[in-house]
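1. Structure, please.
(one chain, ligands or ions: 1)
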Amino acid sequence: MSKGKVNFCSNEDNFQDFQEQGPTLSFSNLHYCIQQTRLCFKIGPEKHILKDVSGIMRPGMNAIMGATGSGKTSLLDVVAGRKDPAGLRQGKVLVNGKAVTSELRLSSAYVVQDDILMGTLSVRENLLFSANLRLNPKQYSTMDKHSKVNAILQDLGLTDCANTKIGTEFIRGVSGGERKRCSIGMELITSPSLLFLDEPTTGLDSNTANSLIKLLHDMSRRGKTVIFSIHQPRYSIFKQFDHLTLMHKGEVVYAGAADHALEYFSDLGYQIESFNNPADFFMDVTNGEAKSTIMSISADDSQNPLASRYRQSSLCQRVLEELGRLNLSSAERGKGQDEPVDYATSFLYQLRVVCGRTVRNSLRNPQTSYAQLALTITFALLVGLIYYQMPLSLPEAIQNRSGAFFFLIINMVFANLSAVELFINERVIFIHENSSGYYRTSVYFLSKIFADLIPNRVIPIIVFSCITYFMMVWQEWAWLSSSRQVFRHLPWLTS
Ligand SMILES: Nc1ncnc2c1ncn2[C@@H]1O[C@H](COP(=O)(O)OP(=O)(O)OP(=O)(O)O)[C@@H](O)[C@H]1O
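-> Next up is the predicted model:
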């Protein structure tokens, strides 16, 4: 381990530097279950995703490692308050000894595994969107927001691609590493002291991953509590961790100082081969591929002997004692009230910013609008030709008009069904931004109606109606006008 590094967690005296700055997150006895449902009916038994998970994460680099499906993301989501609380059967999460409320949730930042960014906007525009919505306009002027965005672009090394679009299926945009850094930048806008990241290095090459972790490490040294899940870190990345939580099948098999983990497992009879990466070795231990000289574990063991050993260890006992103290003091302070979320910006301001983004997105991604307009015109011409110049004599007049109405209504209904797709496509972006406190739910839906549904759905229908009407009944209109009958039908015109 690097020499000058602050030894974390197992030795309480050594993290005093951080303790005074960033928050300490503690969680005890977490049991999280998922119940599969189909058409509102429960299917099968509940699935236990987290079983009796406890720990303390202090300012610094807190890594959560484990094989795929071991529960890393679930743990991160539960402690960040992003998981459905209905699934939490038992347990408590505290930040600085206080219950996690909506306010605490919004003052922290969460970077999800899949980068959720608006592809038609540039890196700078995405960051500015976050700044506009998450910084209080009374405290930050437009100039301040621009300077903050510039500072983040600088810090994250994004200055060169600041004006490059993120990219969509149609537009080639920034690289994977730049996308990831932009996602992190979106969250750094509020200068959060508690940062959660779900697998920030996934999909990045080892050098980019290393520089990203270095960046997080630097931030943690400025007093932030960085908590992240990670897969197979290389050694240069692993040695930047302060605290390590190792998960296996939803249980903790080790939680403590990262540089103490090798010693812990060697006490359990596991020996690391020379030149092996400790992170790979821990994976081998949890998967049952590394053999212990004193414990017998097989990969398909239904019990989790490593988790049981951890629970009996002095390391775990110390954590539980400290959690007991924290829980006691939080009980004395009373239950944290989950008050309604206080947004940084007003309803109208949010509506303006979100509508602006929606319009910009539609203008920069006009392919679907063009395709829809072309389809509308073609279908209108076809219907117009079928019912061209409908007769005025009975009974054909009524029969033809009924048929035409059928086609018109069917077209309007089916053309608008695609509006549902709008919400499906942007579902993840909406969930992420809404739960991160960017804007109110009503703002998103109203912005969609004003800036997307009205121009993209209503205008094609008006075009369709005009074409079909004049093709179907133009002669009727001409007859009414020529015989001046129209004035008799509309007496207010002549009055
Ligand atoms: N909503 C859900 N419905 C059903 N099962 C779920 C759900 N969420 C998580 N799980 C299950 O819980 C377990 C843990 O999932 P989780 O995503 O936390 O694992 P992970 O360690 O983050 O995996 P990965 O590294 O592959 O992302 C998995 O077996 C997963 O299938």
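
2. Would you tell me which residues of the stretch 101-250 of the chain are close to the ligand?
-> 229, 231 (C-beta under 6 Å from any ligand atom). For every residue, glycine as well, the C-beta is placed using N, CA and C.

3. any idea of the pLDDT on S175?
-> In this prediction, S175 carries a pLDDT score of 88.

4. Then R488?
-> Note for R488: predicted pLDDT of 56.

5. Quick check: phi and psi on the most centrally placed residue in the chain?
-> The chain has H432 as the residue nearest its centroid, 3.5 Å off, counting by C-alpha atoms, centre = their mean. Dihedral angles of H432 (phi, psi; degrees, to the nearest 10) stand at phi -60, psi -50.

6. do the same with I431
-> Dihedral pair for I431: phi -60, psi -40, per degrees, to the nearest 10.

7. Over to G44?
-> Per degrees, to the nearest 10, the backbone of G44 is at phi 70, psi -180.

8. List the contacts of it.
-> The neighbourhood of G44, defined by C-beta atoms under 8 Å, 6 or more residues apart in numbering, consists of Q36.

9. how close does it sit to Q36?
-> Shown here: G44 relative to Q36, a distance of 6 Å by C-beta to C-beta, to the nearest Å.

10. quick one on the thing from earlier: please verify my assumption that the residue nearest to the centre of the chain contacts D115.
-> No: contact criterion C-beta atoms under 8 Å: H432 and D115 do not qualify, at 10.1 Å.

11. nearest residue to the residue nearest to the centre of the chain other than its sequence neighbours?
-> Leaving aside its sequence neighbours, H432 sits nearest to I116 (C-beta to C-beta, 6 or more residues apart in numbering; 4.7 Å).

12. Run through the strands of the stretch 251-400 of the chain in chain order.
-> Along the stretch 251-400 of the chain, counting by DSSP state E, counting those that start in this stretch, strands occupy 251-257.

13. Where does pLDDT dip in it?
-> Within the stretch 251-400 of the chain, the stretches with pLDDT under 70 are 295-302, 330-341.

14. Now do the helices in it.
-> Assignment of helices within the stretch 251-400 of the chain using DSSP state H, counting those that start in this stretch yields the ranges 261-267, 278-287, 305-312, 314-333, 347-364, 367-386, 396-417.

15. Let's have those helices in TSV, adding distance to G173.
-> Output for the helices of the stretch 251-400 of the chain, formatted as TSV (distance: least, C-beta to C-beta, whole Å):
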stretch	distance to G173
helix 261-267	39
helix 278-287	31
helix 305-312	43
helix 314-333	44
helix 347-364	12
helix 367-386	16
helix 396-417	30
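
16. Tell me which of these sits most buried.
-> Scoring those by mean neighbour count under mean count of other C-beta atoms under 10 Å gives helix 278-287 as the most buried, with a mean of 20.

17. quick check: angle from that one to strand 251-257?
-> Using axes from the mean of the first three to the mean of the last three C-alpha atoms, to 10 degrees, the inter-axis angle of helix 278-287 relative to strand 251-257 is 150 degrees.

18. helices and strands around helix 278-287, which ones?
-> Here helix 278-287 touches strand 60-66, helix 235-238, strand 243-248, strand 251-257, helix 261-267, going by 3 or more C-beta pairs under 8 Å, 6 or more residues apart in numbering; DSSP states H and E.

19. Can you add distance to H146 and give the ones you listed back as JSON lines?
-> Output for the helices and strands packed on helix 278-287, formatted as JSON lines (distance: least, C-beta to C-beta, whole Å):
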{"stretch": "strand 60-66", "distance to H146": "31"}
{"stretch": "helix 235-238", "distance to H146": "33"}
{"stretch": "strand 243-248", "distance to H146": "36"}
{"stretch": "strand 251-257", "distance to H146": "41"}
{"stretch": "helix 261-267", "distance to H146": "44"}
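
20. Among the ones you listed, which comes closest to H217?
-> Between H217 and the helices and strands packed on helix 278-287, the tightest spacing by C-beta to C-beta is seen for strand 60-66, at 5.7 Å.
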